[in-house]
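Sequence and predicted structure, then a few things I'm wondering about:
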Amino acid sequence: MSSTSTNRRSFLARGAALAAVPTIATLVGEAFAEPAFADTLPDYAPIPPSALGPAVNAQGYHVGRVQKNLYWVTDGTYQAAFLTTKDGVVLFDAPPSIGHNLQRAIDQIAAANGVSNKVTHIVYSHHHADHLGASALFGRNVVRVGHIETKRLLARDNDPARPVPDLTFETHHTLRVGGQRIDLAWHGTNHTPDNSYIHFPDHDTLMLVDINLPGWVPFDSFNLNEDVPGSIAAPAKAMAYPWKHYIGGHMGRLGTRHDMVVYQQYVTDLIDNVEKALATVDPTPFFTKYGNNTWAAVKTYQAAQVDYAAAPVIRKYTGVLAAADVYTASTAFIILESIRLDLGIGSQVHP
Ligand SMILES: [Zn+2]
């Protein structure tokens with residue numbers, strides 16, 4: 001196949017990466033067709049090489065060993081993992097952007113090692129379609145495993161691409177397949193109400209999806225985390241486990257404990273600077289200018305607080321975490337609202 005079609009396919013794989021993108025592309029389809037449109041797009045800082053992982057192959061995926069018989073697969077944006085056992089393969093998540101490349105990656109490893117390529121179990125990290133939308137490709141005769149809330153949310157969503165789990169757990173479950181051990185746990189809500197900790201005690205690995213995206217700042221608006229305090233607390237819960245390798249569900253490489261420390265510091269720096277902004281940015285000019293248009297005053301006042309909080313964090317992390325200049329401000333806004341609404345900081349009781 002030509003390199004053009006390969007590039008196009010990997011471009012499409014990345015374009016499909018985030019569920020919101022096709023919708024936006026449809027909405028502004030007219031603008032996309034304008035040849036001059038690209039010239040008006042903003043420039044961003046280069047991606048630090050430390051954020052990037054191995055190149056994907058001609059089919060658009062990379063599969064690598066995490067440790068022993070635990071492997072990971074990526075398309076550069078999404079990640080899944082699988083464990084080969086004497087009784088078949090346990091797959092962890094099934095992102096649609098990797099899609100049929102999941103079985104190709106499994107076939108490649110199984111053939112190289114002379115083990116079964118048959119997926120017998122799929123463990124769900126959480127209910128989101130961008131991590132599970134290829135689950136149905138594996139048919140009806142696999143055992144799907146997930147948190148009880150994952151089952152409830154998938155029943156609600158009623159998406160044929162994401163069959164509900166057959167085996168559920170509430171707080172802890174040890175899954176044993178073919179002599180292998182996987183410890184599943186739920187430690188409270190974070191990114192979603194059901195997001196689970198998947199620990200491989202015999203492989204020095206933790207899989208926790210959509211919390212830390214190693215090498216990168218969070219996706220828009222703090223990874224769209226539903227529970228902001230719960231998400232801020234999740235890295236410490238992850239660090240309480242013994243592990244060397246981290247599967248974050250995103251981007252092109254695995255993580256380390258050092259990546260988690262950097263990520264925790266990034267979030268701490270954002271919180272500190274948001275608190276400073278709440279105490280420092282003077283609301284007077286915004287309310288003076290906009291008079292009885294309260295929303296205009298609040299919007300511009302909060303935008304100034306976000307800029308105040310984000311600017312030093314963007315400076316500190318440019319070259320450290322990829323896309324610090326792309327998404328830090330939107331995450332600062334979410335953290336600002338959580339500090340205001342969940343913690344009550346900056347609230348004043350009328351005298
Ligand atoms: Zn998610």
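Perfect, I can see it now.

Okay, helices next: where are they in the stretch 151-300 of the chain?
220-223, 228-239, 257-280, 284-290, 294-317 (DSSP state H, counting those that start in this stretch).

ok and the third one relative to helix 228-239, angle-wise?
What it means is helix 257-280. 150 degrees (axes from the mean of the first three to the mean of the last three C-alpha atoms, to 10 degrees).

Count the neighbours of residue 244 for me.
Neighbours of residue 244 under the rule other C-beta atoms under 10 Å: 14. To be clear about C-beta, it is placed using only N, CA and C from the backbone, and glycine gets the same treatment.

picking that back up, just tell me which of the helices of the stretch 151-300 of the chain ends up closest to the ion.
Across the helices of the stretch 151-300 of the chain, the ion has its closest neighbour in helix 220-223 (7.2 Å, C-beta to the ion).

residues making contact with that closest one?
Applying C-beta atoms under 8 Å, 6 or more residues apart in numbering, the contact partners of helix 220-223 are 20, 191, 210-211, 213, 228, 231, 327, 330-331, 333-335.

In three-state terms, how would residue 131 be classified?
Recorded secondary structure, residue 131: helix (DSSP: H, G, I helix; E, B strand; the rest coil).

about what we covered before: among the helices of the stretch 151-300 of the chain, which comes closest to residue 50?
helix 257-280 (9.4 Å; C-beta to C-beta).

Now render the helices of the stretch 151-300 of the chain as a markdown table, adding mean neighbour count and mean pLDDT.
Conversion of the helices of the stretch 151-300 of the chain to a markdown table gives the following (neighbours: other C-beta atoms under 10 Å; pLDDT from 0 to 100):
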| stretch | mean neighbour count | mean pLDDT |
| --- | --- | --- |
| helix 220-223 | 19 | 97 |
| helix 228-239 | 19 | 98 |
| helix 257-280 | 18 | 97 |
| helix 284-290 | 13 | 97 |
| helix 294-317 | 17 | 98 |
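
residue contacts, residue 283?
Residue 283 touches 297, 301, counting by C-beta under 8 Å, 6+ apart.

so what's residue 213 closest to, chain neighbours aside?
Excluding its sequence neighbours, the residue lying closest to residue 213 (C-beta to C-beta, 6 or more residues apart in numbering) is residue 250, at 4.1 Å.

what's across from that neighbour in the sheet?
residue 78 (DSSP bridges).

pretty sure it contacts residue 75?
No - contact criterion C-beta atoms under 8 Å: residue 250 and residue 75 do not qualify, at 10.5 Å.

between those two, which one's more packed in?
Shown here are residue 250 and residue 75; by other C-beta under 10 Å, residue 250 has more neighbours (28 against 24).

if I look at that one, how far off is the ion?
Noted for residue 250: a distance of 9 Å to the ion, by C-beta to the ion, to the nearest Å.

Please apply the same query to residue 168.
19 Å.

Neighbours of the closest residue to that residue other than its chain neighbours, how many?
In this structure, residue 168 finds its nearest non-sequential neighbour in residue 148, 4.5 Å apart by C-beta to C-beta, 6+ apart. Around residue 148 there are 14 other residues, counting by other C-beta under 10 Å.

At the contact with the ion, which residues of the protein appear?
Applying C-beta under 5 Å from the ion, one finds that the chain approaches the ion through 128, 210.

Please enumerate the strands of the chain.
For the chain, strands defined by DSSP state E occupy the ranges 62-67, 70-74, 79-85, 88-92, 119-123, 143-147, 167-169, 172-177, 180-185, 197-200, 205-207, 245-247.

In stretch 107-119, which residues are buried?
Using 16 or more other C-beta atoms under 10 Å as the test for burial, stretch 107-119 gives 108-110, 115-117, 119.

Go through the residues you listed and flag which are in helices.
Cross-referencing those against helices under DSSP state H gives 108-110.

The spatially closest residue to residue 133 that is not a sequence neighbour and residue 237, how far apart?
Distances taken as C-beta to C-beta, 6+ apart place residue 96 nearest to residue 133, at 3.3 Å, with adjacent residues excluded. The gap separating residue 96 from residue 237 is 28 Å, by C-beta to C-beta, to the nearest Å.

mind listing what residue 69 touches?
So residue 69 contacts 83-85, 113, 115, 180, 203 (C-beta under 8 Å, 6+ apart).

For the residue nearest to residue 213, report the pLDDT, please.
What the model reports for residue 250 is a pLDDT of 98.
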